[in-house]
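A.B. asks: Predicted model follows, preceded by the sequence.
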Amino acid sequence: MEPLCRGAKMPVREQTPYVDNVEPRTLREGHSPDQSQRRAQAQPRRLDRRALAPPAGRWPRRPAPAGHNKNMYLLLAAHPRGVALQEMLPAGQANPANPEPRVLAPGDLPAVVRELEARRPAGQPPRWIWHRTQDWYPALLASGVEVERCYDVALCGNILAFSQFSAHTAYARNTDRVPAEDPLLPPKALQPPRPPADQGALFDNPGAGQASGWTLEELRAEYAEQQVALREVEPAENRRNRLQLLLAAESAAAMVAAEMQHAGVPWREDLHEQILVDHLGPRPPVGQRPARLEALAAELRGLLNSPGLNPDSPQDLMRALHRNGIEVKSTRKWELRESSHPAIEPLLEYKKLSRLHTANGWAWLDAWVSGGRFRPEYVVGGVVSGRWASRGGGALQIPRQVRGAVHADRGHKLIVADASQLEPRVLVALAQDSVMAEAARDQDLYAGIAAKGFGGDRAKAKMALLGAMYGATSGEAGRLMPQLARTYPRAVDFVERAARAGEAGRTVTTRLGRSSPPPSERWYLSQRSATAEEQRRAESIARSRGRFTRNFVVQGSAADWAACWLAELRRRLRTLRTAGTGGGAGGELVFFLHDEVMVHAPLEGVDDCISAIEESARAAKELLFGPIPVEFPVSLAVVDSYDLAK
C-alpha cells in the first residue's frame, strides 16, 4: 500500500494509537534525515517556539557567559510585596547574566509588561512563564496589555504528567496529579483548578503576606522539572518536537481563551429580549412563569385531568402521565413521541420553552450579558481529550433559539468558520488510509465514502464511519461495519486497535502526545471475576472503556489540530491588527467551539480575516501531519448574526 504521506519531508511512519510504550511500525522512510531535521526545526516557528531575544530590561545586567543565546524567558509569580519577575534560561535556571528577581508593586506590572513586549531585539518578544494564564492574563488585558507568548505551567504539567511520550521520566513517575474520573467508567474530564480568591484584585495593593498562587521558587522548580522531562522524551518518531508543539499550542490556546473572554461575544440585549417575548411572552415578575408557559401548563392540567399539576416537577408529571394511561419510564422526547395522547404535543412544547426560559431567559441575560458582550470563562483542556469546557453561562451550548442575538456591531461582520467533518478527516490522516483519503479528495467525505462502498448512500456511509469512531456495534451501524472494514481496512483497524487497548486497561495517545488517563485501581478490581455474572459485568465495563479510547485518539488529535489552528489564527490576526492593514482590519477571535471559530471583523478587513482563517487551517494540518493528501476544508459564513451562519 502506498504510504499516505507520499512526498512528506519527514520519515513516514504508520500512525498507531500509541498503546503504552509500543512503538509504531515503520512503513518506509523514503526521505533523507537532513530533510527530516530541517522540517522538525522549521515547523514549530509559526507557533510558539521561536528564539526569544531579550529586550533591554531595567535590571542591572552582567556580561552573558560565552555561548549564551540571549533568549528572554520571564518567570512571573506572586510575592508578599507584590509581583516577582525573574529572567530565566530556557532550561529553567536563573539567567546568570541577570540572576536577581525583580519585585514590583502590583499596580506597576502592566506598564512593565507593556514595555518588555514593545522592546523586541531581533523582532522577538519575551515568553512569559506563569502558573496559570487565567491568574495573570485577564488583569493584564483589562489594563490594555497583550502578550504574544506564554508558557502555562499548569496546563503543560497536566500533559507531561500523563503523556506516554514522557511516561518514563521522573516527572511523570513522581507526579501527584490525579485525573478526575468515575473509577468504573471511562474517564471524562479533569477538574479545572479553582481561581484564586483574590484573582480580581491582582493589580490592587494587597496586604503583607497576601501573595496568591505559587512562589517564585516553586514555579521555577516546577518549570525546570518540566523542561528536564521534555528533554528526556525520545526524539524517535519526532515525539519530542510533537510534544513541544502541543505544549506551545496549549499555552497559546490559554491566551486565546483569556482574550475571547475579555473581548466578549457581540450580543444584542434588545434582540435577545425580543426573542424571549416572541417565544414566551412579556418578562414576568420574578418567580412566576412567563405567559406562554403558564398557558401551556393550564392546557396540560386540563388534558391530563390534573388541576394541581406542576409540569416542572418530574415526579408530579410522571404520576399525571401514568394516571392517563401514558406508560413511559421517562419524559424524554423520543419516548413521549411513542404516545398519541393529545397532551404530548403541548408537553413537548412546554419542555422546549421551559429550557429556553431556564437556560437563556431573562435571568441569564441579566447575569451574563453586559455592555453588549457575553463574557464566559473558557477552560482550556477542561476535557481529558483536550477539548475545552466553560465555567458558567453555557458558552459551549448557545441554542439556536437565541443565536439571533449574537449580532455584529455596526460596521462589522461575524465570520463563522467550521472545520468540515474534522474528526473523520483526522482519522484518515492518523490511519494513513490512502483509499479513504482519495474518496475524500475535493468533495464531501461521506459522499466520497458512499460512492466507493455504499452504493452512493451518504446516510449509510456517515452512520458506518461515525459508528466506527464511537463504537456502535449494534443496530444499523453495526450491520454496516463489515462493509466499511472491507472498503477501508486501515481506518477501521486503527480505531479497533485503540478500542482493544482500552479494554485491556492500556492508554492511547493523540497525534501530538496527549494520552488518555490510566484506569483506576477500582477499574482493575472490576476486571476480576469469580462468577459468570461478574464476568459479564467486567466485560461490559471493559467495552465501555474501549469505546472511550476508540474515540479519544481521534477526538484528541482533532483537539490538537484545533489548538494549532487557533494559535496560528491568533498570530495572523495580531499581525493584521499591528500592521494596521485597512485601518485595523485584523478582527478578533470572539468564540470557539471544538471545530468552529467566530471572528468579529470590520467590513474592510473581512477578506483578510477569511484568508487568515483558511491559511491557518492549512498550517495546522502541516504542523500535525506534514503535506499529506488529506484536506481539512473550512466552511465559511460572513453574516450579521449567528443564526444566519447555518
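C.D. replies: Now that the structure is in, tell me what you want to look at. Numbers count the residues shown, from 1 in each chain.

A.B. asks: where does the stretch 151-300 of the chain have low pLDDT?
C.D. replies: Scanning the stretch 151-300 of the chain for pLDDT under 70 picks out 179-212.

A.B. asks: I'd assumed Ala637 was in contact with Lys646.
C.D. replies: Yes. Counting by Cβ atoms under 8 Å, Lys646 touches Ala637, with 7.2 Å between them. C-beta coordinates here come from the backbone N, C-alpha and C atoms, glycine included.

A.B. asks: Identify the contacts common to the two.
C.D. replies: The overlap between the contact sets of Lys646 and Ala637 (Cβ atoms under 8 Å, 6 or more residues apart in numbering) consists of Val416.

A.B. asks: Between those two, point out the one with more neighbours.
C.D. replies: Ala637 (15 against 12; other Cβ atoms under 10 Å).

A.B. asks: Regarding the more buried one, what is its secondary structure?
C.D. replies: strand (DSSP: H, G, I helix; E, B strand; the rest coil).

A.B. asks: Leu593 versus the closest residue in space to it that isn't next to it in sequence, what's the distance?
C.D. replies: Closest residue in space to Ala637, ignoring its immediate chain neighbours: Ala645 at 4.1 Å, by Cβ to Cβ, 6 or more residues apart in numbering. Noted for Ala645: a distance of 12 Å to Leu593, by Cβ to Cβ, to the nearest Å.

A.B. asks: do Ala249 as well
C.D. replies: Counting by Cβ to Cβ - Ala249 and Leu593 are separated by 17 Å.

A.B. asks: Which one's more surrounded, the two?
C.D. replies: Neighbour totals were compared for Ala249 and Leu593, and Ala249 leads with 29 against 16 (other Cβ under 10 Å).

A.B. asks: close enough to count as contact, the more buried one and Gly513?
C.D. replies: No. Under the criterion of Cβ under 8 Å, Ala249 makes no contact with Gly513, lying 10.9 Å away.

A.B. asks: how about the helices of the stretch 1-150 of the chain, start to end?
C.D. replies: Using DSSP state H, counting those that start in this stretch, the helices of the stretch 1-150 of the chain run over 33-42, 109-118, 133-142.

A.B. asks: wait, I meant the stretch 151-300 of the chain
C.D. replies: Going by DSSP H, counting those that start in this stretch, the stretch 151-300 of the chain shows helices at 153-162, 170-173, 216-232, 239-263, 269-280, 291-303.

A.B. asks: Can you name the residues in contact with the shortest one?
C.D. replies: By that I understand helix 170-173. Helix 170-173 is contacted from outside by Leu160, Ala161, Phe162, Ser163, Ser166, Ala167, Glu225, Gln226, Val228, Ala229, using Cβ under 8 Å, 6+ apart.

A.B. asks: Export those residues as JSON lines, with columns for distance to Ala320 and neighbour count.
C.D. replies: Formatted as JSON lines, those follow (distance: Cβ to Cβ, whole Å; neighbours: other Cβ atoms under 10 Å):
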{"residue": "Leu160", "distance to Ala320": "55", "neighbour count": "26"}
{"residue": "Ala161", "distance to Ala320": "52", "neighbour count": "23"}
{"residue": "Phe162", "distance to Ala320": "49", "neighbour count": "23"}
{"residue": "Ser163", "distance to Ala320": "53", "neighbour count": "26"}
{"residue": "Ser166", "distance to Ala320": "57", "neighbour count": "25"}
{"residue": "Ala167", "distance to Ala320": "56", "neighbour count": "20"}
{"residue": "Glu225", "distance to Ala320": "61", "neighbour count": "18"}
{"residue": "Gln226", "distance to Ala320": "59", "neighbour count": "23"}
{"residue": "Val228", "distance to Ala320": "65", "neighbour count": "14"}
{"residue": "Ala229", "distance to Ala320": "60", "neighbour count": "25"}
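
A.B. asks: Closest one of those residues to Gly381?
C.D. replies: For the contacts of helix 170-173, the residue nearest Gly381 by Cβ to Cβ is Phe162; the value is 11.1 Å.

A.B. asks: my read: the closest one touches Pro517, true?
C.D. replies: Yes. Assessed by Cβ under 8 Å, Phe162 is found in contact with Pro517 at 6.0 Å.

A.B. asks: For the strand or helix carrying Arg486, which residues meet the burial criterion?
C.D. replies: Secondary structure assignment for Arg486, by DSSP states H and E: helix 475-487. Using 16 or more other Cβ atoms under 10 Å as the test for burial, helix 475-487 gives Ala477, Leu480, Met481, Leu484, Ala485, Thr487.

A.B. asks: that older thread, for the helices of the stretch 1-150 of the chain, which has the smallest mean pLDDT value?
C.D. replies: Note on these: lowest mean pLDDT is at helix 33-42, with a mean of 35.

A.B. asks: Do a quick rundown of the strands in the stretch 401-550 of the chain.
C.D. replies: 412-419 (DSSP state E, counting those that start in this stretch).

A.B. asks: Thr358 should be in a strand, yeah?
C.D. replies: No. Counting by three-state DSSP, Thr358 is located in no strand; its state is helix.

A.B. asks: That one and Pro376, how far apart?
C.D. replies: 17 Å.

A.B. asks: No more questions from me, cheers.
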